[in-house]
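K.L.:
Predicted model and sequence below, questions to follow.
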Amino acid sequence: MKSNLTLIGMPGSGKSTIGIILAKNLGLGFIDTDVLIQINQQKPLQRIIDESDHLNLRAIEEEEILKINIENHVIATGGSVAYSEQAMAHLLDISKIIFLDVNFEEIVKRIHNVETRGIAKSKNQTLKELFEERQILYKKYAELTVDCNELDQEELAVQIAQSI
């Protein structure tokens with residue numbers, strides 16, 4: 001069995017929060033790749049985008065993920081990880097990929113800071129367009145898809161633990 005669990009999904013899907021709860025419940029470590037990027041780049045995600053562009057953030061994200069060499073962890077990824085075939089292949093090698101599926105209306109309710117959150121999207125792309133584009137990628141890589149629209153984060157962590 002793969003010793004890591006990787007959570008993928010849109011910003012606002014609960015990857016970090018559910019990841020922490022899941023790691024605690026299963027006695028695993030926890031790593032958030034967005035935090036890794038911010039520590040190693042010494043700046044917030046939004047500043048990386050502002051100083052270059054969303055594609056640079058995606059390249060940095062891929063680089064950071066390819067360096068991950070851990071066991072027995074829950075890995076919460078950035079929402080744009082699924083754009084990188086290399087990063088996803090690496091994550092599939094070292095972990096089970098779990099897609100936290102949240103409908104668009106719920107994402108809109110949860111994200112109040114689209115312009116400052118560090119979401120890797122082109123300037124003229126709407127959140128709806130980004131959502132639709134990413135859903136295809138998340139489903140492509142998911143080994144387990146969890147409907148995150150009805151249950152709270154504690155219940156979702158329990159459901160994921162039971163599903164694996």
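P.N.:
The structure has been received and is ready for your questions. Numbering: from 1, shown residues only.
K.L.:
Every contact and neighbour count from this point should use C-alpha atoms.
P.N.:
Fine.
K.L.:
What would stretch 57-66 look like as PDB? C-alpha coordinates only.
P.N.:
Provided in PDB are the C-alpha atoms of stretch 57-66 (Å, rounded to 0.1, in the frame of the first residue of the first chain):
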ATOM      1  CA  LEU A  57       3.600  29.700  -9.800                       C
ATOM      2  CA  ARG A  58       2.600  26.400 -11.500                       C
ATOM      3  CA  ALA A  59       6.200  25.800 -12.500                       C
ATOM      4  CA  ILE A  60       7.400  26.400  -8.900                       C
ATOM      5  CA  GLU A  61       4.700  24.200  -7.600                       C
ATOM      6  CA  GLU A  62       5.800  21.300  -9.900                       C
ATOM      7  CA  GLU A  63       9.400  21.800  -8.800                       C
ATOM      8  CA  GLU A  64       8.400  21.600  -5.100                       C
ATOM      9  CA  ILE A  65       6.200  18.500  -5.600                       C
ATOM     10  CA  LEU A  66       8.900  16.700  -7.500                       C
END
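K.L.:
Tell me the buried residues in that stretch?
P.N.:
57, 58, 60, 61, 62, 64, 65 (16 or more other Cα atoms under 10 Å).
K.L.:
Quick one: the helices in the chain, in order.
P.N.:
15-26, 33-41, 45-51, 54-66, 85-94, 104-110, 127-141, 153-163 (DSSP state H).
K.L.:
can you tell me which of those comes nearest to residue 3?
P.N.:
For those, the distance to residue 3 is smallest for helix 85-94, at 7.2 Å, taking Cα to Cα.
K.L.:
Excluding its own residues, what touches the closest one? List them.
P.N.:
For helix 85-94, the surrounding residues in contact (Cα atoms under 8 Å, 6 or more residues apart in numbering) are 2-4, 6, 62-63, 65-66, 71, 81-82, 97, 141.
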